[in-house]
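> Quick one, fold the following:
(one chain, ligands or ions: 1)
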Amino acid sequence: MMAEGRFTNPVVASLAGIRDFFSKQQLEDRYTEQARADGMTVLITGATSGLGFALATEFAKRGARAIMACRSRIPEAGEQVKELSGSDRVEMRFLDLSDLGSIHRFVESLVHDKITIDICILNAATTLPKSRKTPSGQDEMFLVNYLANVVLTNLLLQNSVIRPQKHDPSHENSSVGKTPPRIIFISSDSHQGATSIDYDEFGRYFDYGVSKAISNYSYFKLVLNTYAIELSRRINPDRVSVSINLICPGPVNSNIVKEAPWLLRMILKGIFTIVFKSPAKAARPVVYMALSPDYAGTTGEYLHMFNPKKMDPKVYDPEAGKKLWERSMELLKEIDPGYKTYHEFPD
Ligand SMILES: NC(=O)c1ccc[n+]([C@@H]2O[C@H](COP(=O)([O-])OP(=O)(O)OC[C@H]3O[C@@H](n4cnc5c(N)ncnc54)[C@H](OP(=O)(O)O)[C@@H]3O)[C@@H](O)[C@H]2O)c1
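Residues are numbered from 1 along each chain as shown. Here you go, the predicted model:
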């Protein structure tokens, strides 16, 4: 059976966002412009446009050192973030998630500069109108939207760029001390209802067109979410040393359809402009999840905008998580010459 996401039609997928736009936002009053990020280092992937750009601006404004991991618009996007935030604690680093070597070099540069990340926002994703092959032979959406995040999180943890919080029994019953670092996966509620992970086509390249591309977008989010929960299981076996949470920002008026054929792009951009949220507004629940004490020391939580929610039940299945982990590692062993530098998390 071929894996299928919730949608195969891009217009239907976009219109589904309209309902979200008008839905009640349970935790919205917990969001505050006053929450500060002074002294924190925040890494945001895909920070050149849309949600990622808005997040970089917001964290810089709140006092964080913002590291924008990007494959384009260097240094213009960083200069714009500096101007908009009024902060010069903004830096851009090159990261192309469709190139495994680039992920290794990116992490090496962070290690070289002795950077420790407090908040890591895995935001970058791509939607393509059809299949496209990466230099390592995979489908680009599979690599960028899923597998690259496996490599990146593994290397950040392995190299202590993200440092799991050590257990300190003397702080057991006190609120003293730092909270664990936070990893936030930017997902999409469209993952709900995608089919189970299909291992026959896992990582295999084949040609497809626009409807399979739309379907794959939501299916790869299901795969990503399943990985995030498995990562949390492995890194937090009996207490939370790294918070690993997920969020769908809801419909965002971003550049996500920039590669669509022009007529479709015009139609989608029309819908986006009229009813979707601005990236700055869509960034709010992400900032809330990243900075609020409500999510300190939590793991495996999911927000759909400001609404706490369960993800698709398949995401929480430990057997599915274990199998996904093993198959991802087998594939990476084959395709990534840097595989030997990975961390082996016990299951
Ligand atoms: N827009 C929505 O309605 C919506 C809804 C739910 C969830 N989301 C999620 O929100 C997140 C942000 O998307 P967005 O809507 O803000 O879209 P966007 O404006 O297209 O931003 C996507 C970012 O990802 C980067 N990116 C793409 N391929 C990359 C690669 N190979 N290496 C490094 N960076 C790469 C892009 O960089 P370039 O500028 O170089 O292309 C861009 O900075 C995504 O995870 C998306 O799935 C969006």
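
> For the rest of this, base every contact and every neighbour count on C-alpha atoms.
Fine.

> okay but T226 is in contact with Y316, surely?
Yes. Look at T226 against Y316 with CA atoms under 8 Å: they come within range, at 6.7 Å.

> how much distance is there from stretch 245-254 to the middle of the chain?
10 Å (CA atoms, centre = their mean, to the nearest Å).

> Any part of that stretch near the ligand?
Yes. Stretch 245-254 is in contact with the ligand by CA under 6 Å from any ligand atom, via C248, P249, G250, P251, V252, N253, S254.

> follow-up on the earlier one: so which of T226 and Y316 has more stuff around it?
A side-by-side neighbour count of T226 and Y316, using other CA atoms under 10 Å, places T226 first with 25 against 18.

> for this structure, which helix is longest?
helix 210-235 (DSSP state H).

> Next, the buried residues of it.
Neighbour counts over helix 210-235 (16 or more other CA atoms under 10 Å) mark 210, 212-233, 235 as buried.

> now for it, which elements pack on it?
Helices and strands touching helix 210-235, by 3 or more CA pairs under 8 Å, 6 or more residues apart in numbering; DSSP states H and E, are helix 140-142, strand 243-248, helix 318-335.

> Need the ones you listed in a markdown table (columns: mean pLDDT).
Converted to a markdown table, the helices and strands packed on helix 210-235 look like this (pLDDT from 0 to 100):
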| stretch | mean pLDDT |
| --- | --- |
| helix 140-142 | 97 |
| strand 243-248 | 98 |
| helix 318-335 | 97 |
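
> Tell me which of these approaches Q25 most closely.
Closest of these to Q25 is strand 243-248, at 12.8 Å (criterion: CA to CA).

> tell me how far the ends of stretch 128-144 are from each other?
Start-to-end span of stretch 128-144 (CA to CA, to the nearest Å) is 11 Å.

> hmm, I was thinking of stretch 63-78
Using CA to CA, the end-to-end distance of stretch 63-78 comes to 15 Å.

> go on, stretch 237-249?
28 Å.

> can you pull the buried residues of that stretch?
So stretch 237-249, judged by 16+ other CA under 10 Å, has buried residues V240, S241, V242, S243, I244, N245, L246, I247, C248, P249.

> and the one residue in the stretch 101-250 of the chain that gets nearest to the ligand, backbone torsions?
In the stretch 101-250 of the chain, the residue found nearest to the ligand is A124; the distance is 3.4 Å by CA to the nearest ligand atom. When quoted as degrees, to the nearest 10, the phi and psi of A124 stand at phi -60, psi 140.

> Before I go, just wanted to say thanks for your time.
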